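Peer 1: Any chance you can model this:
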Amino acid sequence: MTRFTTSAKALGATLALAASLALGGCSAQDGPGDDGGASAEPKLHVSDAYIPQPVGDVAGGFLTVTNTGGAADKLLSVTSPLSDDIQIHKTVDQKMQQVDSLDVPANGALDLERGGNHLMFMEIKKQPKQGEKVAVELRFERSDPIRIELPVEAPTHNPSSPSAHGSAHH
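Peer 2: From the prediction side, this is the model:
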């Protein structure tokens with residue numbers, strides 16, 4: 001009987017601790033400009049953006065959209081002077097498929113990377129060269145558009161490979 005009582009007390013203490021951490025986490029998110037938690041909003045920023053120098057009439061775009069806000073968002077479309085047809089691709093079982101949107105989870109990230117989800121610039125209007133930048137505007141379901149410039153990297157550039165150490169920052 002004592003063993004059960006000790007377990008019940010430990011469980012109660014654990015639940016109380018978990019509840020206080022959860023409540024503390026909610027209030028810790030309130031800050032300048034917040035509306036007191038009445039409605040959570042996504043807070044997006046882009047990093048690790050690049051486009052490998054294209055070798056044909058299509059180009060891939062890669063980047064990370066990080067959401068530090070408490071609400072999810074969706075990447076809906078992309079525009080750029082480089083192409084009138086920019087597609088959002090999802091990779092499932094090593095096969096690309098065009099999708100209408102990709103989720104940007106609350107307190108998470110959407111990674112667009114080689115071998116995974118990515119942007120496809122179809123029928124590009126010019127061949128950007130390594131060292132140049134390509135202007136892009138990302139449009140979301142809830143957040144304002146984000147305008148960025150994707151640096152053009154070597155055709156084989158892959159920041160996740162060990163040989164690309166430090167080359168993603170120009």
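
Peer 1: how about the helices of the chain, start to end?
Peer 2: 2-28 (DSSP state H).

Peer 1: mind listing the strands in it by residue range?
Peer 2: For the chain, the strands defined by DSSP state E cover 44-52, 59-67, 73-79, 85-92, 95-99, 102-104, 108-112, 118-122, 133-140, 146-153.

Peer 1: Turn the ones you listed into CSV, columns for distance to Pro159.
Peer 2: (Each C-beta comes from the backbone N, C-alpha and C, glycine too.) Formatted as CSV, the strands of the chain follow (distance: least, C-beta to C-beta, whole Å):
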stretch, distance to Pro159
strand 44-52, 6
strand 59-67, 8
strand 73-79, 20
strand 85-92, 17
strand 95-99, 20
strand 102-104, 19
strand 108-112, 11
strand 118-122, 13
strand 133-140, 16
strand 146-153, 8
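
Peer 1: Report the buried residues of stretch 124-140.
Peer 2: Across stretch 124-140, burial judged by 16 or more other C-beta atoms under 10 Å covers 124, 128, 134, 136, 138, 140.

Peer 1: closest to Asn117 among the residues you listed?
Peer 2: Leu138 (13.3 Å; C-beta to C-beta).

Peer 1: For the closest residue to that closest one other than its chain neighbours, the count of nearby residues, please.
Peer 2: In this structure, Leu138 finds its nearest non-sequential neighbour in Ile146, 4.7 Å apart by C-beta to C-beta, 6 or more residues apart in numbering. By the measure other C-beta atoms under 10 Å, the count of residues near Ile146 is 16.
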